[in-house]
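>>> fold the following for me, if possible:
(chains A, B, C and D)
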Number of protein chains: 2
Amino acid sequence: MSDVAMQQDPPLVGREALPGNGEVARIELIAVVIAVSADTPLVLTRAEGTLLPAGPLETRHRSLQAGLRAWVEAQTGHPLGYVEQLYTFADRNRGGAGRTISISYLALARESRPLPGAAWQDWYRYFPWEDQRSAEGRALAAALAARLQVWAGGETARRERVEVCFGLGGLPWNEELVLARYELLYEAGLAGEAARDAHLPPPTFAAGMMMAFDHRRILATAAARLRAKIKYHPVIFELMPESFTLFELQRTVEAIAGTKLHKPNFRRMVESQNLVEETGEVAAAGRGRPARLYRFREAVRRERASAGTRLPVVRA
Amino acid sequence: MSDVAMQQDPPLVGREALPGNGEVARIELIAVVIAVSADTPLVLTRAEGTLLPAGPLETRHRSLQAGLRAWVEAQTGHPLGYVEQLYTFADRNRGGAGRTISISYLALARESRPLPGAAWQDWYRYFPWEDQRSAEGRALAAALAARLQVWAGGETARRERVEVCFGLGGLPWNEELVLARYELLYEAGLAGEAARDAHLPPPTFAAGMMMAFDHRRILATAAARLRAKIKYHPVIFELMPESFTLFELQRTVEAIAGTKLHKPNFRRMVESQNLVEETGEVAAAGRGRPARLYRFREAVRRERASAGTRLPVVRA
DNA sequence: TCGTCAATACTCAGAGAGAGTATAAATTGG
DNA sequence: CCAATTTATACTCTCTCTGAGTATTGACGA
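Model (predicted):
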């Protein structure tokens, strides 16, 4: 797929005239803005970390993305760079006519100082079980898996979902299943939003920090997409400064993926793909041998597009 | 990402109350329904192949997907099975207030007899250069690439796009770049829609069959997604009958991907991934040794979800 | 019965991934 | 100033996967 093109809104061409019986809806634009600071993935939030930047599409907005950028900048002071569309949801407005369509986006950024009322939050506050780099995260995931097995009981479909999502029974942990894991926890009542949405009193135990509405679900969708995407598309550089060491790059990937990587093999992978080039400088020394600084090779954009995944094609 | 979940509309939970200044928009639902008949990928169309099934979201529709399914069935008589969201576009209505938001979907199906007014069309009528299985398709792609190089002239950015998209200069043909190639052709005026949208007279040469509005662009988006997806997710089985031979499976993949595959290696790949199991029967003999029949293994859904792509993780 | 055709089975070399070890270049503490 | 420590970088060694080609099997038909 043309990723570069998908980041832009397509050209405006006329569409089929709709008959008059079509309902009208309000359009809400929601942004998941991700950055990484050292070892911590960050998400840009409002209202003490309970809301994602969002706002309605207005007449003055020339496109969906333009509207999104305007709202994020107004609410957080942060101008957006890389943006891609995530998913479009609909729900009926309660106690009112019409419906709201929510169009969610993933944006990648470098950390900055947000406006008052907005703040970067550690992404793992919302999904602590996703941090498989630390023993605590792994322990929490195991504990949640155990609770989910109890919840699943004798239903094999549920048991299998738990096994796949949490890497039980010899299956590996798959860091991409962020959304599937959150959905399991929601269904089992282990996400705080489940009781809230059912108008029940808060449960005695809830995993991770809640958000308002379905914003944590959108956050899970964004994280799943990002964790999948860094493996086949060099978007990780959207999160990096101009120059960086290979180990800083590795730790950024680790922060996003929530797993530890094998240093020599990571280095070999990056170098063999010609993703980076040396700047000729070395990092300001801390302890140990100083690391060389690298920058993203511009030509990568071109070459990466021609990579893709593999089928056993026959060559002429 | 949780693909199974993404195919469903998420649970309806309340969203942020929007201030009154939000614009309202009409919502249009558009479906790209794909099937494969022997060697030919098919797309479900209306109006002599110039329109995709589409219709406005109405109050009676309980969800976006429900609305989509209702429209497709009403217009074509074809009930939808597998459905996934593609992309959401916006454009201003000409000569009217408000805006239309178009939400496009990819659906996979098995061929059926559509209602009068609807018809399955060979997908390659719209994108003949995408059929790299045949010498004619490859020749057309080469001819278009030559025209595009002339159009690009001295602009290196354009030249590089042409090289990547059409596999020039030693680069391989990447079948996933359907949308990027269509966009190039549109920009260069080699797609009929370009002149139409610019209110110019029809050009002397136009590649592939046109569609109304931006429906061919949506079709390109769907094809790009499908070509990418069959490589890492067993969606191909949505297009297959209950039982099939391995070579029929291969030809279905070839029809979608537009490339020839290496038979022994394709067979090894399918078998090594435990995607299928033998039914015990053999296909009704034509010429040559009769082929064994296979069926899709249900357990695959579970196992595939745990696959994903690779990072050099470190194992405990 | 033999030739043809398509399905199925096997082989082999090279690339790549996982895992571990060795060396280099800096800081820090005696 | 030297040695211990720390971190970066380089190298090695399997084992699996993949691309590519060849061989065998089982049907039909002349």
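>>> what residue spans form the domains of chain A?
Following automatic domain parsing, chain A resolves into domains at A:20-123, A:127-208, A:240-305.
>>> and among these, the most buried is which?
Across the domains of chain A, averaging neighbours per residue (mean count of other Cβ atoms under 10 Å in any protein chain shown) puts domain A:20-123 on top, at a mean of 19. Yep, even glycine has a C-beta here, placed from its N, CA and C like the rest.
>>> how far out from the middle of the chain is that domain?
13 Å (Cα atoms, centre = their mean, to the nearest Å).
>>> do that domain and DNA strand D meet?
No - between domain A:20-123 and DNA strand D, judged by Cβ under 7 Å from any atom of the strand, nothing touches; the nearest distance is 12.5 Å.
>>> hang on, the earlier thing: redo the domains of chain A as a markdown table? Include mean pLDDT.
Shown next, in a markdown table, are the domains of chain A (pLDDT from 0 to 100):
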| stretch | mean pLDDT |
| --- | --- |
| domain A:20-123 | 90 |
| domain A:127-208 | 94 |
| domain A:240-305 | 88 |
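>>> quick one: closest of these to residue B:299.
Closest approach to residue B:299 among the domains of chain A (Cβ to Cβ): domain A:127-208, 8.7 Å.
>>> so is the closest one next to chain B?
Yes - Domain A:127-208 reaches chain B (Cβ under 8 Å from any Cβ of the partner chain) through A:160, A:164, A:167, A:171-172, A:174-180, A:183, A:186, A:193, A:197.
>>> for DNA strand D, what is the nearest residue in chain A?
DNA strand D sits closest to residue A:288 of chain A, with a gap of 2.1 Å, by Cβ to the nearest atom of the strand.
>>> torsion angles phi and psi at the closest residue to residue A:70 other than its chain neighbours?
Computed as Cβ to Cβ, 6 or more residues apart in numbering or on different chains, the closest residue to residue A:70 that is not its neighbour in sequence is residue A:61, at 6.3 Å. Dihedral angles of residue A:61 (phi, psi; degrees, to the nearest 10) stand at phi -80, psi 130.
>>> quick one, what contacts the closest residue to residue A:257 other than its chain neighbours?
Of all residues not flanking residue A:257 in the chain, residue A:175 sits nearest, at 5.1 Å (Cβ to Cβ, 6+ apart). Counting by Cβ atoms under 8 Å, 6 or more residues apart in numbering or on different chains, residue A:175 touches A:130, A:132, A:227, A:257-259, B:308.
>>> re earlier: okay, and the residue of chain A closest to DNA strand D sits in which element?
Under DSSP states H and E, no helix or strand contains residue A:288.
>>> thinking again about what came up before, relative to DNA strand C, which of the residues of domain A:127-208 next to chain B is nearest.
Comparing the residues of domain A:127-208 next to chain B against DNA strand C with Cβ to the nearest atom of the strand places residue A:172 closest, at 10.0 Å.
>>> quick check: that closest one is in a helix.
No - using DSSP: H, G, I helix; E, B strand; the rest coil, the secondary structure at residue A:172 is coil, not a helix.
>>> next, see if the helix or strand where residue A:248 lies gets close to DNA strand C.
Element membership of residue A:248 [criterion: DSSP H and E] is helix A:246-257. No - using Cβ under 7 Å from any atom of the strand, helix A:246-257 stays clear of DNA strand C, coming no nearer than 12.8 Å.
>>> residues in contact with that helix?
A:34, A:36, A:38-41, A:133, A:175, A:226-227, A:230, A:236, A:239-240, A:260-261, A:263, A:266-267, A:270, A:276, A:291-292, A:294, B:311.
>>> go with 6 Å
The contact list for helix A:246-257 (Cβ atoms under 6 Å, 6 or more residues apart in numbering or on different chains) reads A:36, A:39, A:41, A:175, A:227, A:230, A:236, A:239, A:261, A:266-267.
>>> again, but for stretch A:101-109
With Cβ under 6 Å, 6+ apart, stretch A:101-109 has contacts from A:25, A:27-35, A:68, A:80, A:82-90, A:218, A:222, A:225, A:238-239, B:88.
>>> picking up where we left off before, now, the contacts of helix A:246-257 that are in strands?
A:36, A:41 (DSSP state E).
>>> circling back: what's the spacing between the residue nearest to residue A:257 and residue A:231?
Distance, residue A:175 to residue A:231, using Cβ to Cβ, to the nearest Å: 10 Å.
>>> ok, back up a step: which two from the residues of domain A:127-208 next to chain B end up farthest apart in space?
Top of the distance list for these (Cβ to Cβ): A:172 and A:197, 32.0 Å.
>>> most proximal residue of the stretch 101-250 of chain A with respect to chain B?
For the stretch 101-250 of chain A, the residue positioned closest to chain B under Cβ to the nearest Cβ is residue A:180, at a distance of 3.6 Å.
>>> OK, contacts around whichever residue of the stretch 1-150 of chain A sits closest to DNA strand C?
Of all residues in the stretch 1-150 of chain A, residue A:132 sits closest to DNA strand C, at 14.1 Å by Cβ to the nearest atom of the strand. The contact partners of residue A:132, taken as Cβ under 6 Å, 6+ apart, are A:138, A:173, A:258-259.
>>> mind checking the SS state of the closest residue to residue A:166 other than its chain neighbours?
Nearest residue to residue A:166, sequence neighbours excluded (Cβ to Cβ, 6+ apart): residue A:145, at 3.8 Å. With three-state DSSP as the basis, residue A:145 sits in helix.
>>> try residue A:43
strand.
>>> and it, bridged to which residues?
residue A:34, residue A:121 (DSSP bridges).
>>> roughly how far does it sit from residue A:121?
On the measure of Cβ to Cβ, residue A:43 and residue A:121 end up 6 Å apart.
>>> residue A:50 too?
10 Å.
>>> got it, and residue A:128?
Residue A:128 sits 12 Å away from residue A:121, going by Cβ to Cβ.
>>> with residue A:282 instead?
33 Å.
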